[in-house]
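In: coords please:
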Amino acid sequence: MSDIPHQKERLLSLDTLRGFDMLWIVGGGFLFLKLAEITEWGWADALAKQMHHAKWGSFHFFDLIFPLFILMSGVVIPYSLYSRLDKGESKKSIYLKIIKRFVILVVLGAVYNGALQFKFSELRVASVLGLIGGAYAIGALIAVNFRSAKSLGIWVLGILLGYGVLQLFIPVPGYGAGVLNGEGSWNGYIDRLLMPGKLLSKTMDPEGILAVVVSSSITLMGVWAGMLLKRDEISPYKKTGIIAGVGGGFVVVALILKTWYPIIKGLATVPYIMLSGGLSLLLLALFYLVIDVWKVQRWTLFFRVIGMNSITIYLAVKIFDFWKPASFIFGGVSRYFGDFAPLIIGLGVICVEWIFLYFLYGKKFF
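Out: Numbers count the residues shown, from 1 in each chain. Prediction:
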C-alpha cells in the first residue's frame with residue numbers, strides 16, 4: 001500500500017519514522033503499560049499514561065500516532081505522484097490511483113472492523129484506515145493541482161480556518177454554535193446525517209466525515225515537507241531547521257489557542273490538528289537530521305522493516321494471534337523472570353511480528 005520512492009531518492013528516515021510510529025500499536029505500548037503495572041515506578045506510570053488516548057480536552061503521545069502516519073503519507077507525494085506527473089503521466093491516471101488507494105483503505109478498514117462477519121447492521125464503516133485514506137485522497141487531489149509551497153500553505157490555513165469557524169461560530173440545527181461535544185457539534189450532526197454504518201458512539205465517530213476533511217491539512221503539511229526535502233539547492237541543515245521551525249510554530253499556536261478552543265482528538269479541533277501536525281513535523285525533522293544528514297543508520301533496520309509494511313502489520317495483528325507462537329517460544333524462558341514474565345512474552349510477540357515482516361522485507365514485498 002505504500003508509495004515507495006525510488007532507491008536513489010529514498011529517505012531512510014521516513015521508513016524508520018513510520019516503523020517507530022507503528023511499533024506502539026503492535027506491541028510497544030503494551031510493554032510500558034505492563035511495566036507500570038508490575039513495578040509501580042513513577043516514571044513507568046507516567047510513560048504508560050501516554051500509551052492511552054487522552055480524555056476529552058487533553059493530549060497524549062498515543063493521540064499522535066495516526067496524525068504522524070497521515071503526515072508521512074503526504075511526504076511521499078512529491079516522490080511518487082509528482083515524479084509520475086513529471087514523467088508525463090496524465091492527471092486522470094493519477095486521480096484513478098488516488099481514488100483506488102482510498103477505496104482499498106476504506107475496504108480494509110471495514111474488514112478490520114468486522115465486515116467479513118456480514119453483520120452489516122452492526123458494521124462501523126468509519127475506521128482509522130478510512131481516515132488515513134480519506135485524508136490522503138483529499139490532500140493528494142489538492143497537491144496534484146497546486147504544486148507550490150505558497151498554494152499548499154493557503155490550503156492548509158484555509159482548511160483550518162474554515163473548520164474552526166464551522167465548529168465555533170456556525171449554529172448546529174437544534175444545538176446552536178460552539179458546542180464541542182459529540183452530540184451538539186457539527187462533527188456529530190454530519191456523521192449522524194451522512195456517515196453510513198454504525199458510529200463509534202451513538203452520536204458521532206472520531207474518524208467521521210469532518211475529521212477526514214480537516215486531517216487532509218496534515219497530509220498537505222507532509223506534502224510541503226516532502227517538496228522541501230527534494231530540493232537539492234537547499235542544504236540539509238537548512239531543510240531541517242525550516243521543517244522544525246514550522247512544526248514548532250504550529251505547536252506554539254495550538255498551545256495558545258487551547259486556552260479558549262480546546263485540544264479535542266474526538267472532534268479533531270483545530271488546536272489538535274495543529275499540535276499533532278506540528279509535533280509530527282518536529283519528529284520528521286529529528287529523524288531526517290539523525291538518519292539522512294548525520295548518516296547514523298545502523299540502528300534503523302529494526303524500524304524500517306516495520307515501516308515498509310506498516311499497514312500489513314496493522315491488519316495482521318488483528319487477524320493473527322502472535323501471542324501463541326511467542327508464548328510457545330519464550331514461555332519457558334519467561335518463567336525465570338518472575339513478575340516480569342509478561343514483559344518477556346510481550347517482547348517475544350514483537351520479535352515474532354518482526355520476523356514475519358523481515359520475511360516480507362527479504363522477499364521485497366512492500
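
In: so what does the strand or helix carrying L68 touch, helix or strand wise?
Out: Taking DSSP states H and E as the definition, one finds L68 inside helix 65-75. Helices and strands touching helix 65-75, by 3 or more Cβ pairs under 8 Å, 6 or more residues apart in numbering; DSSP states H and E, are helix 12-23, helix 128-145, helix 209-230, helix 270-287. Where C-beta positions appear, they are placed from N, C-alpha and C, glycine not excepted.

In: Tabulate those helices (CSV), appending mean pLDDT, mean neighbour count and distance to L85.
Out: Below are these laid out as CSV (pLDDT from 0 to 100; neighbours: other Cβ atoms under 10 Å; distance: least, Cβ to Cβ, whole Å):
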stretch, mean pLDDT, mean neighbour count, distance to L85
helix 12-23, 97, 24, 20
helix 128-145, 98, 24, 7
helix 209-230, 98, 25, 13
helix 270-287, 98, 25, 23
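
In: which residues sit against the helix holding L68?
Out: 11, 14, 17-18, 21-22, 24-25, 128, 131-132, 135-136, 139, 143, 215, 218-226, 229, 273, 276-277, 279-281, 283-284, 310 (Cβ atoms under 8 Å, 6 or more residues apart in numbering).

In: helix/strand/coil for G88?
Out: coil (DSSP: H, G, I helix; E, B strand; the rest coil).

In: Now do the same for it: its pLDDT.
Out: Looking at G88, its pLDDT is 96.

In: With the one 4 residues further on instead?
Out: K92 is assigned a predicted lDDT (pLDDT) of 97.

In: For it, give its distance to R84.
Out: 12 Å (Cβ to Cβ, to the nearest Å).

In: what about these two, which has more around it?
Out: R84 (17 against 8; other Cβ atoms under 10 Å).

In: doesn't I94 make contact with that one?
Out: Yes - using Cβ atoms under 8 Å, R84 is in contact with I94, at 6.3 Å.

In: and the closest residue to G247 other than its chain neighbours, what is it in contact with?
Out: Spatial nearest neighbour of G247, excluding adjacent residues (Cβ to Cβ, 6 or more residues apart in numbering): L281 at 2.9 Å. Contacts for L281 (Cβ under 8 Å, 6+ apart) come out as L71, M221, A225, I243, A244, V246, G247, F250.

In: do that again at 10 Å, thanks
Out: 68, 71, 75, 218, 221-222, 224-225, 242-251 (Cβ atoms under 10 Å, 6 or more residues apart in numbering).

In: What is the burial count for V252?
Out: Neighbour count of V252, defined by other Cβ under 10 Å: 13.

In: for the helix or strand containing it, packing partners?
Out: Element membership for V252 (DSSP H and E) is helix 236-257. Applying 3 or more Cβ pairs under 10 Å, 6 or more residues apart in numbering; DSSP states H and E, one finds that helix 236-257 contacts helix 149-169, helix 209-230, helix 270-287.

In: Could you tell me the angle between the first one and helix 65-75?
Out: What separates the directions of helix 149-169 and helix 65-75 is an angle of 150 degrees, with axes from the mean of the first three to the mean of the last three Cα atoms, to 10 degrees.

In: Show me what the next helix-or-strand element following helix 149-169 is packed against.
Out: Using DSSP H and E, the helix or strand that follows helix 149-169 towards the C-terminus is helix 186-194. Under the contact definition 3+ Cβ pairs under 10 Å, 6+ apart, helix 186-194 sits against helix 149-169, helix 209-230.

In: What are the buried residues along helix 186-194?
Out: W186, N187, G188, Y189, I190, D191, R192 (16 or more other Cβ atoms under 10 Å).

In: For that helix, which outside residues touch it?
Out: 126, 163, 166-168, 170-175, 177, 179-183, 185, 195, 199-211, 213-214, 264, 266-269.

In: Let me see the mean pLDDT of it.
Out: Rounded mean pLDDT across helix 186-194 is 97.

In: Pull out the buried residues from the contacts of L281.
Out: 68, 71, 75, 218, 221-222, 224-225, 242-244, 246-247, 250-251.

In: Is it possible to get a markdown table of the helices and strands packed on helix 65-75 that adds distance to K238?
Out: Output for these, formatted as a markdown table (distance: least, Cβ to Cβ, whole Å):
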| stretch | distance to K238 |
| --- | --- |
| helix 12-23 | 16 |
| helix 128-145 | 23 |
| helix 209-230 | 9 |
| helix 270-287 | 11 |
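
In: now for those helices, which one comes closest to V305?
Out: Nearest of the helices and strands packed on helix 65-75 to V305, taken as Cβ to Cβ: helix 12-23 at 6.8 Å.

In: and that closest one, how far from the chain's centre?
Out: 11 Å (Cα atoms, centre = their mean, to the nearest Å).

In: Likewise for stretch 115-124?
Out: For stretch 115-124 - counting by Cα atoms, centre = their mean - the centre lies 25 Å from the chain centre.

In: Now do the buried residues in that stretch.
Out: A115, R124.

In: Pull the residues that contact it.
Out: Contacts of stretch 115-124 (Cβ under 10 Å, 6+ apart): 107-114, 125, 127, 130, 195-200, 205, 207, 319.

In: do stretch 148-157 as well
Out: Stretch 148-157 is contacted from outside by 74, 138-139, 142-143, 145-146, 216-225, 227-228, 231, 246, 250, 273-274, 277, using Cβ under 10 Å, 6+ apart.

In: A135 - nearest residue in space that isn't next to it in sequence?
Out: Per Cβ to Cβ, 6+ apart, closest to A135 is S215, 3.8 Å.

In: Please report how far that neighbour lies from S276.
Out: 9 Å.

In: Quickly list what's touching both of those two.
Out: Joint contacts of S215 and S276 (Cβ under 10 Å, 6+ apart) are F66, P67, I70, L71, A268.
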